[in-house]
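Trainee: Compute the structure for the input listed below.
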Amino acid sequence: MDLGNETGSPVRAWGKRKFAISVNTLVALGLAILLVLMVNYLSYRHNFRMDWSRSRYYSLSDKTLSLLSGLTNRIDAVVFFQPGHEAYEDIHNLLKEYEYATPQVRVEWVDPDRDIARTEELMRKYQVDQANVVVFDAGGRSKYVAARDIAEYDYTPVQFGQPPERVMFKGEQAFSSAIQSITETRRQIVYFLQGHRERDEDSFNRAAGYSSLAQEISRDNADVRKLTLGEAQAIPVDCDALVIAGPQKRISEQELGIIRNYLEQKGRLLVMLDAMTQTGLEPLMADWGVRLSDDVVVDATRTLSGRELFITKYEMHPITGKLAGETSILYLPRSVEPAVSAEEAGGSPDKPRVLPLAKCSEAGWAESDLAQNPMKFDAETDRPGPVSVAVAAERGPVPGIDVQIRPTRLVVFGDSDFVSNSALTGGNTDFFLSALNWLLERSELMAIAPKPIEQNRLTLTDIQLRMLHWILVVAMPLLVAA
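Mentor: Model (predicted):
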């Protein structure tokens, strides 16, 4: 009797069965891994996202989705934001939605505090001199969005020594407007009048130069060019806005006629006139319902040295709508006022509608004795405040009536020093650019409503906190382990 054969047969059978089970297990495991890889590949190529949040805080509007779907060129978004900034997470999550909506948008995140070499390289390329800025670039055409452009603030806490509180998030409006601006088929052109000792946009002189302002205009996606009427004999047809910045010599009657004819043809004009200067523009300003006086507006409650005027509150106008909480500083400005009130002007489209943009307070006045030092209010010769130092005028369709007719627009400031190289602060820059964008009809490229910032607070008792601790720290880990 061969016991080895009898005992070996079941062993060999069990070995074969064990091998078959192992092979089957390996094959099943391989198929499972392959299935997981296939599912991940398909989900990567054909993913679908849904926003189930109650406020849909980061969901893009139909206007933005329509804009992004029509992009044909690549848009590079370079984010110079410090991770600790209060808007960092909102910007990060929102730009992820832009990337998801179209492959044409590419986002690069640069930490100015850590990515030193890359930061310097990109800052030279885009001429960025500050952190917390998003730059959108489309083939060399760029647009800058600063942190202050993506949020609305409540400045009430400032009165009690607290920082302002963010109440609205305007990131989508700012980003979509920037993309729309740099993808426009034509870059708008701003001409600066020369020949009367005006400010020079090529000059780097700190007190009188405008090179920094020219850079800001260029960053805002517009070209800056010079114009000498003695050579051109007419305003160029490609002029989207004409700027007359602080002329020190009189403008001739012939040149005045060219400017007047330009305005009659739906032109756009921005004028900055200094005190104690006769420019020859006075008749044109009077025709437009703008009153210029030989005075200086002072306000002892809004000054440090007595020579500057701090503007902290603005009049209601599309130009000033985004300037809440910002301070502009004008230096010895002259009064620039509507010749008649808006009610007296009526609603006729043939008459210009002139509205003040900024005034001194009731404690200020228009000083007529310019040789007086220090200046003091004289009830017989001076005019009490509030006195306007900047106005905006418009002639064309009556507001509220939807007529596709381009209106003529005019903005006049009573000072040209406030945007010189040494005075170009944040508030001054925004005041000027807001006025220029109103002239160019770029004040709000994408009318997208801001998102309110909701603060959700969870209030728990001690018992609820202990229960939550046991559930999260003890029960759930044990459940996973089990």
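Trainee: which residues are in contact with stretch 373-380?
Mentor: Here stretch 373-380 makes contact (Cβ atoms under 8 Å, 6 or more residues apart in numbering) with 296, 298, 306, 365, 367-369, 384. Every residue, glycine included, has its C-beta placed from N, CA and C.
Trainee: right, and the helix or strand after the worst-scoring helix or strand of the chain on mean pLDDT?
Mentor: Lowest mean confidence among the helices and strands of the chain (mean pLDDT, DSSP states H and E): helix 342-345, at a mean of 57. As assigned by DSSP states H and E, the chain's next helix or strand after helix 342-345 is strand 353-359.
Trainee: how far does that following strand sit from the chain's center?
Mentor: Mean-position distance between strand 353-359 and its chain equals 23 Å (Cα atoms, centre = their mean, to the nearest Å).
Trainee: How about stretch 376-390?
Mentor: 35 Å.
Trainee: And stretch 176-187, by the same measure?
Mentor: Put simply, stretch 176-187 sits 13 Å off its chain's centre (Cα atoms, centre = their mean).
Trainee: which parts of that stretch are buried?
Mentor: Within stretch 176-187, the residues scored as buried using 16 or more other Cβ atoms under 10 Å are 176-183.
Trainee: what's the answer for stretch 204-222, then?
Mentor: By 16+ other Cβ under 10 Å, the buried positions in stretch 204-222 come out as 208-222.
Trainee: Narrow those residues to those in strands?
Mentor: Counting by DSSP state E, the part of those found in strands is Ala222.
Trainee: Among the buried residues of stretch 204-222, name the ones in helices.
Mentor: Of the buried residues of stretch 204-222, the ones assigned to helices by DSSP state H are 211-219.
Trainee: Remind me what the helix or strand hosting Leu284 packs against, helices and strands.
Mentor: Using DSSP H and E, Leu284 sits in helix 282-287. Applying 3 or more Cβ pairs under 8 Å, 6 or more residues apart in numbering; DSSP states H and E, one finds that helix 282-287 contacts helix 253-264, strand 290-292.
Trainee: Point out the most buried one among these.
Mentor: Of all these, strand 290-292 has the most neighbours on average by mean count of other Cβ atoms under 10 Å, namely a mean of 21.
Trainee: which other helices and strands contact that strand?
Mentor: With contacts taken as 3+ Cβ pairs under 8 Å, 6+ apart, strand 290-292 sits against helix 282-287, strand 336-338.
Trainee: now the ones you listed in CSV, with mean pLDDT, distance to Leu31 and mean neighbour count?
Mentor: Shown next, in CSV, are these (pLDDT from 0 to 100; distance: least, Cβ to Cβ, whole Å; neighbours: other Cβ atoms under 10 Å):
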stretch, mean pLDDT, distance to Leu31, mean neighbour count
helix 282-287, 92, 84, 15
strand 336-338, 94, 80, 24
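Trainee: Which of these sits closest to Tyr126?
Mentor: Checking these against Tyr126 by Cβ to Cβ gives strand 336-338 as the closest, at 35.4 Å.
Trainee: Mind giving me the packing neighbours of that closest one?
Mentor: On a contact count with 3+ Cβ pairs under 8 Å, 6+ apart, strand 336-338 meets strand 290-292, strand 353-359, strand 388-395.
Trainee: List the contacts of it.
Mentor: For strand 336-338, contacts defined as Cβ under 8 Å, 6+ apart pick out 273, 289-293, 345, 354-356, 387-391, 412-414.
Trainee: For Gly426, state which of the ones in helices among the buried residues of stretch 204-222 is nearest.
Mentor: Among those, and counting by Cβ to Cβ, the member closest to Gly426 is Glu216, at 10.7 Å.
Trainee: how about the nearest residue to that closest one, chain neighbours excluded?
Mentor: Thr429 (5.7 Å; Cβ to Cβ, 6 or more residues apart in numbering).
Trainee: what's the burial count for that neighbour?
Mentor: If you count neighbours by other Cβ atoms under 10 Å, Thr429 ends up with 20.
Trainee: Indicate which one of the helices and strands packed on strand 290-292 is closest to Val110.
Mentor: Val110 sits nearest to strand 336-338 of all those, at 42.5 Å, using Cβ to Cβ.
Trainee: about what we covered before: out of the helices and strands packed on strand 290-292, flag the one nearest Phe81.
Mentor: For Phe81, the closest of the helices and strands packed on strand 290-292 is strand 336-338, at 38.6 Å, according to Cβ to Cβ.
Trainee: List the pairing partners of the closest one within its sheet, with orientation.
Mentor: Paired strands of strand 336-338, with direction, are strand 290-292 (antiparallel) (DSSP bridges).
Trainee: Need the residues that contact the partner strand.
Mentor: Here strand 290-292 makes contact (Cβ under 8 Å, 6+ apart) with 273, 282, 285, 334-339, 354, 391, 393, 410, 412.
Trainee: Following the chain past the longest helix that the chain contains, name the next helix or strand.
Mentor: If you go by DSSP H, the chain has its longest helix at helix 3-45. Sequence-wise, the next helix or strand downstream of helix 3-45 (DSSP H and E) is helix 62-69.
Trainee: quick revisit: how about CSV for the contacts of strand 290-292, with distance to Leu67 added?
Mentor: Listed next are these as CSV, based on distance: Cβ to Cβ, whole Å:
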residue, distance to Leu67
Leu273, 39
Glu282, 45
Met285, 40
Arg334, 43
Ser335, 43
Val336, 38
Glu337, 41
Pro338, 38
Ala339, 42
Val354, 35
Val391, 34
Ala393, 32
Leu410, 31
Val412, 35
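Trainee: between those, which is nearest His317?
Mentor: Nearest to His317 among the contacts of strand 290-292, counting by Cβ to Cβ, is Val391 at 9.3 Å.
Trainee: sorry, back to before: out of the contacts of strand 336-338, which end up buried?
Mentor: Judged by 16+ other Cβ under 10 Å, buried ones among the contacts of strand 336-338: 273, 289-293, 345, 354-356, 387-391, 412-414.
Trainee: if I look at Ala101, how far off is Gly70?
Mentor: Distance of Ala101 to Gly70, given as Cβ to Cβ, to the nearest Å: 12 Å.
Trainee: So which of the two has more stuff around it?
Mentor: Neighbour comparison, Ala101 and Gly70: the larger count goes to Ala101, with 16 against 10 (by other Cβ under 10 Å).
Trainee: who are the neighbours in contact with the more buried one?
Mentor: By Cβ under 8 Å, 6+ apart, the contact set of Ala101 is 60, 64-65, 68-69.
Trainee: Ala32: which of the helices and strands packed on helix 282-287 is closest?
Mentor: For the helices and strands packed on helix 282-287, distance to Ala32 was read as Cβ to Cβ. The smallest value, 75.6 Å, belongs to helix 253-264.
Trainee: Tell me how far that closest one lies from the chain's centre.
Mentor: 33 Å.
Trainee: So which residues make contact with that helix?
Mentor: Contacts with helix 253-264, where a contact means Cβ under 8 Å, 6+ apart, come from 195, 229-230, 233-235, 239, 242, 244, 251, 269, 280-281, 283-284, 287-288, 408, 410.
Trainee: Inside helices: which ones of these?
Mentor: Using DSSP H, the members of the contacts of helix 253-264 that fall in helices are 229-230, 283-284, 287.
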